[in-house]
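Visitor: sequence first, predicted model second:
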Amino acid sequence: MIERCGWCGSDPLYQAYHDTEWGVPERDGRALYEKLMLDGFQAGLSWITILRKRPAFRAAFEGFDPRAIAGWGEADVTRLLGDPGIVRHRGKIEAAIGNARGWCEIEAREGFSAYLWRYVEGAPLQPAYASQAEVPTQTPLSQQISRDLKREGFRFVGPTIVYAFMEAVGMVNDHVTACHRHEAVAAMGATSG
């Protein structure tokens, strides 16, 4: 039997996400924007709900192209509020549009990926937790990144959302040590900086 982090349960979609995506260091700025936005849409919901809706989100948000989304306005908000395939929450939709504008500013200034990865000096943190109970929901670093993103105009980027994002995009390797992905993800981190 394959040992996995307990949070992914027995759902095949969740297990596939855990086994192939979660914790893998992501360096593409557009993909980082997508994941941060999806984590924001998750607020108050379960990640599996967002994962099941991810194809509809990608279609509705033009592949999460921040340059395209930055130009959207009220007509786009109205269109998205009528889309049953996504989470229809005005505040989160408006935040995704505003965050795309913030992304464009950071991208032009220094690159969104470089901006985020500098917080961990370009290499994933490797805390090596033995059990899920040890894994925090936020850290001083996620609090700092949250504050800094908010100063850049981002919304729905609280410290818990930011920490979940950091785990998902491999800025921190929170696969528990008994998980079959822990060592493989650690090795990716060693070569990705």
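Guide: Right, received. Where do you want to start?
Visitor: could you pick out the longest helix of the protein?
Guide: Longest helix in the chain by number of residues, with DSSP state H as the criterion: helix 90-109.
Visitor: how about it, which residues are buried there?
Guide: 92-104, 106-107 (16 or more other Cβ atoms under 10 Å). (Each C-beta comes from the backbone N, C-alpha and C, glycine too.)
Visitor: again with stretch 170-189
Guide: Within stretch 170-189, the residues that qualify as buried by neighbour count (16+ other Cβ under 10 Å) are 170-176, 179, 181-182, 185-186, 188-189.
Visitor: again, but for stretch 2-13
Guide: For stretch 2-13, the neighbour count (16+ other Cβ under 10 Å) marks Arg4, Cys5, Cys8 as buried.
Visitor: stretch 109-126 too?
Guide: So for stretch 109-126, counting by 16+ other Cβ under 10 Å, buried means Phe112, Ser113, Tyr115, Leu116, Trp117, Tyr119, Val120, Pro124, Leu125.
Visitor: how far away is the fourth one from Ala128?
Guide: Counting by Cβ to Cβ, to the nearest Å, the separation of Leu116 from Ala128 is 22 Å.
Visitor: now do the same contact list for His182.
Guide: Going by Cβ atoms under 8 Å, 6 or more residues apart in numbering, His182 touches Ala128, Asn173, His175, Val176.
Visitor: cutoff 10 Å now
Guide: Shown in contact with His182 (Cβ atoms under 10 Å, 6 or more residues apart in numbering): Glu3, Cys5, Gly23, Gln126, Ala128, Tyr129, Asn173, Asp174, His175, Val176.
Visitor: re earlier: out of the buried residues of stretch 170-189, who's nearest Val135?
Guide: Asp174 (5.2 Å; Cβ to Cβ).
Visitor: okay, now the unreliable bits of this protein?
Guide: Where the chain drops to pLDDT under 70, the residues are 191-193.
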